[in-house]
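[1] Quick one, structure for this:
(one chain, ligands or ions: 2)
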Amino acid sequence: MNDQDAAAPVPRVSVVVFLLKGRSVLLGRRSSSVGNSTFALPGGHLEFGESFEECAIREVKEETGMEIAKTEFIKVTNNVFLDETKPCHYVTILMRAEPAGADEEPKNMEPNKCDGWEWYEWGNLPKPLFGPLDKMVNEGFKPFPP
Ligand code: 8DG
Ligand code: MG
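    Ligands and ions are numbered 1, 2, ... in the order given. As a prediction, the model looks like this:
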């Protein structure tokens with residue numbers, strides 16, 4: 001049984017990745033009970049015993065087939081989704097990374113969860129963005145290294 005099946009729901013931890021190529025970021029349109037049809041970062045649940053970096057590398061590989069490098073922590077956010085079909089609460093760890101090599105291109109490895117991955121210029125992001133990402137963008141957040 002996973003946590004969300006239990007009678008009392010609990011917050012969960014997720015790790016999501018700003019995968020950066022120059023001034024572009026990788027986004028995919030979600031096919032999910034949470035944030036359905038919105039554009040979001042690759043990522044997923046932190047597994048028992050994993051570091052944030054290990055989770056970022058694993059999730060990006062599982063969802064896009066890509067190898068990443070320079071994986072580093074940026075920020076943590078608290079995201080409560082009470083109005084979703086399936087209410088949930090995530091403490092979301094935001095990481096940034098870059099493709100491990102110039103020949104790394106995303107493939108849609110989980111077509112049941114995502115419509116496909118594309119690079120988007122930071123100044124020209126698609127709409128609608130997934131709620132937590134939209135909020136950060138509106139607050140002026142930028143994922144790029146200094
Ligand atoms: P898994 O079973 O493969 O571990 O997880 P998943 O199915 O890939 O999980 P997910 O929904 O993609 O990510 C877990 C939660 O992380 C998601 O339900 C809400 C939260 N989350 C944010 N922002 C973002 C984001 O930009 N992208 C993704 N994928 N999840 C995000 O708060
Ligand atoms: Mg995911």
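[2] which residue ranges form the strands in this protein?
    Under the criterion DSSP state E, strands of the chain are mapped to 12-21, 24-30, 39-40, 43-45, 68-81, 88-99, 114-121.
[3] helices or strands up against the longest one?
    This means strand 68-81. For strand 68-81, the packing partners by 3 or more C-beta pairs under 8 Å, 6 or more residues apart in numbering; DSSP states H and E come out as strand 12-21, helix 52-64, strand 88-99, helix 131-138. For glycine as for every other residue, the C-beta is placed from the backbone atoms N, C-alpha and C.
[4] As JSON lines, those with mean pLDDT would be great.
    Formatted as JSON lines, those follow (pLDDT from 0 to 100):
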{"stretch": "strand 12-21", "mean pLDDT": "98"}
{"stretch": "helix 52-64", "mean pLDDT": "98"}
{"stretch": "strand 88-99", "mean pLDDT": "98"}
{"stretch": "helix 131-138", "mean pLDDT": "97"}
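[5] could the ones you listed go into TSV alongside mean neighbour count and distance to ligand 1?
    Below are the helices and strands packed on strand 68-81 laid out as TSV (neighbours: other C-beta atoms under 10 Å; distance: least, C-beta to the nearest ligand atom, whole Å):
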stretch	mean neighbour count	distance to ligand 1
strand 12-21	22	3
helix 52-64	20	6
strand 88-99	19	4
helix 131-138	16	4
